[in-house]
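**Student:** Sequence and predicted structure, then a few things I'm wondering about:
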Amino acid sequence: MHPKVMVIDDSNTIRMTAETILKKEGYEVFTATNGFEAMSVITDTKPDIIFVDIMMPRLDGYQTCKLIKNNSYFRDTPVIMLSSKDSLFDRARGRIAGSEQHINKPFTKSELLNAITRYV
């Protein structure tokens, strides 16, 4: 049984890139364009790990991460923040929201796969 991976990003390109990389490696991939959409997909699919973009309209990555972590069923699901901004402040906010790791965009194939290997 391959791990289920969720990718939440408002960028079509990022979602497609991540999905292509991960499907080639045999992962089952689910995507969402925003935090609200993501919550229903997460509830339906119960992913093993979640990658979430920080900068999204309406519900940002920090808020999305908090929602996931505040849900008792998904509290232990690893959440990896994706961001084009790499500052200590962003990393700290991600940790406060409950995320396990921070990966910079554009990410590499090995960064995605290493995160999955490490947390799943």
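**Tutor:** In hand now; what should we look at? Numbers count the residues shown, from 1 in each chain.
**Student:** Return the distance of the residue most central in space within the chain relative to residue 119.
**Tutor:** A centroid search over the chain (Cα atoms, centre = their mean) returns residue 51, at 1.2 Å, as the residue closest to the centre. From residue 51 across to residue 119, the span is 11 Å (Cβ to Cβ, to the nearest Å). Where C-beta positions appear, they are placed from N, C-alpha and C, glycine not excepted.
**Student:** Now for those two: what residues contact both?
**Tutor:** Residues touching both residue 51 and residue 119 (Cβ atoms under 8 Å, 6 or more residues apart in numbering): residue 80.
**Student:** Let me know the secondary structure of residue 66.
**Tutor:** Judged by DSSP: H, G, I helix; E, B strand; the rest coil, the three-state class of residue 66 is helix.
**Student:** Could you do residue 81 as well?
**Tutor:** Following three-state DSSP, residue 81 is assigned to strand.
**Student:** tell me the contacts of residue 61?
**Tutor:** With contact taken as Cβ under 8 Å, 6+ apart, residue 61 is in contact with 8, 35, 52, 53, 54, 55, 81, 82, 83, 94, 97.
**Student:** If we use 7 Å, what do you get?
**Tutor:** Neighbour list for residue 61: 52, 53, 54, 81 [criterion: Cβ atoms under 7 Å, 6 or more residues apart in numbering].
**Student:** for residue 56, same thing?
**Tutor:** Residues in contact with residue 56 (Cβ under 7 Å, 6+ apart) are 10, 34, 35.
**Student:** out of the residues you listed, who has the most neighbours?
**Tutor:** residue 35 (25 neighbours; other Cβ atoms under 10 Å).
**Student:** Could you measure from that residue over to residue 72?
**Tutor:** For residue 35, the distance to residue 72 equals 18 Å [Cβ to Cβ].
**Student:** how about stretch 82-99: buried residues?
**Tutor:** 82, 83, 90, 91, 93, 94, 97, 98, 99 (16 or more other Cβ atoms under 10 Å).
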